[in-house]
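# the following block contains a protein sequence and its predicted model.
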Amino acid sequence: MSELPSESFFPIEEPGLEELYLTYKPLLLSLGYKLLGSRTEAEDAVHDVFLSLRQSAHEPLRHPKAYLVKLLTNRCLNLLKAGRRRRETYPGSWLPEPDFSVADHPGAEGRDPGEPGEQLILRETVSYALLVLLQELTPQERAVFVLRESLGYDYKELAALLNKTEPSCRKLFSRAKAKLGKSGPPVEKPPADAEAFIRTFLEAAASGRFEPFVRLLAEEAVMVSDGGGKVRSALVPIEGRARIGAFFTGIRKKGSLHGSVRPVPGNGPASFVLDRPGRPPFVFSFAWTADGSRISAIYLLSNPDKLTLLPPLGESGALPPGPLLPE
């Protein structure tokens, strides 16, 4: 991964670019993460956008936000198209990369983008369940959906940004909503409720008695694992709460659920890291049924390539450890 440009990245004679970078980097990172499902790739895409600006002669930008969003969106669309073939040969299920960073916000850079919509997208965490659902969309559908839902772009703005007609953008958004509707919109539970569900799982992992947790699962619940072919994991989704309960009982007996717990700040209260001594960490994320009463999906990520941004335990900037799960 290429490093993001620092404040000294831009020469002194280009103060305008430095100001643009400091002002819009958080917004672009948030958008890129939603489009790509990878914080690592989003950082690289933002870097490429500003590098291209630095290397090209241009007049002062009259509408910098719109121009930068357009550049980033096009870069992300190219990356999504290039990555489609890799996804087809990926070993097992493909899950998005978690966001271990503290959620970006205007105050983080000492700048305020000014528009309420921008402030909202910078402060919000990105539901991991939503990121998973977005993988069902084509790149164009995803771009239209994310830009309209996150930044409130109207169809005229979308058409100009994506070089499409307004009717085409309407159709893409309608298709995206229909595809996401089939899976059911991800339900965002209040933090206290989400933590209560997760606490039940952690208690089950500690005691080995998974019956209370299994009762919280929907009958048709599914568990999806992603080890990337590098960490042993289920290659196909495990369906049904009985089979999910049996899976966790089995790996718990092998000591695979022993470790300490810490949060995933960028993905909200429904995600956490299980640091396992001497083993790759697990990242768990949960989704709920439409009425919020049951867990509909569990996502278990252990692919080390998608955990490169996880701060190590005990280092400066590391996420604080949580409770220890016994063997």
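Good, I have the coordinates.
# residue contacts, residue 84?
Listed by C-beta atoms under 8 Å, 6 or more residues apart in numbering, residue 84 has no contact partners. C-beta coordinates here come from the backbone N, C-alpha and C atoms, glycine included.
# same thing with residue 295?
Residues near residue 295 by C-beta under 8 Å, 6+ apart: 197, 216, 217, 218, 221, 286, 287, 288, 289.
# what do you get if the cut-off is 7 Å, keeping everything else the same?
197, 216, 217, 218, 221, 286, 288 (C-beta atoms under 7 Å, 6 or more residues apart in numbering).
# list just the nearest of those to residue 74.
residue 286 (33.8 Å; C-beta to C-beta).
# the closest one belongs to a strand, doesn't it?
Yes - assigned with DSSP: H, G, I helix; E, B strand; the rest coil, residue 286 falls within a strand.
# give me the beta-bridge partners of it?
residue 298 (DSSP bridges).
# show me the shaky parts of the stretch 1-150 of the chain.
Applying pLDDT under 70 to the stretch 1-150 of the chain flags the ranges 1-15, 57-60, 102-125.
# ranges for the strands of it?
With strands called from DSSP state E, counting those that start in this stretch, the stretch 1-150 of the chain shows none.
# same check on the stretch 151-300 of the chain?
Going by DSSP E, counting those that start in this stretch, the stretch 151-300 of the chain shows strands at 217-226, 238-239, 259-263, 271-275, 282-288, 295-301.
# got TSV for those, with distance to residue 211 and mean pLDDT too?
TSV is the format used below for those (distance: least, C-beta to C-beta, whole Å; pLDDT from 0 to 100):
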stretch	distance to residue 211	mean pLDDT
strand 217-226	11	96
strand 238-239	17	98
strand 259-263	21	90
strand 271-275	21	93
strand 282-288	18	94
strand 295-301	14	96
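# dump these to JSON lines, plus distance to residue 67.
Below are the strands of the stretch 151-300 of the chain laid out as JSON lines (distance: least, C-beta to C-beta, whole Å):
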{"stretch": "strand 217-226", "distance to residue 67": "35"}
{"stretch": "strand 238-239", "distance to residue 67": "46"}
{"stretch": "strand 259-263", "distance to residue 67": "35"}
{"stretch": "strand 271-275", "distance to residue 67": "33"}
{"stretch": "strand 282-288", "distance to residue 67": "34"}
{"stretch": "strand 295-301", "distance to residue 67": "35"}
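# which of these sits closest to residue 29?
strand 271-275 (18.1 Å).
# good, we can wrap up now.
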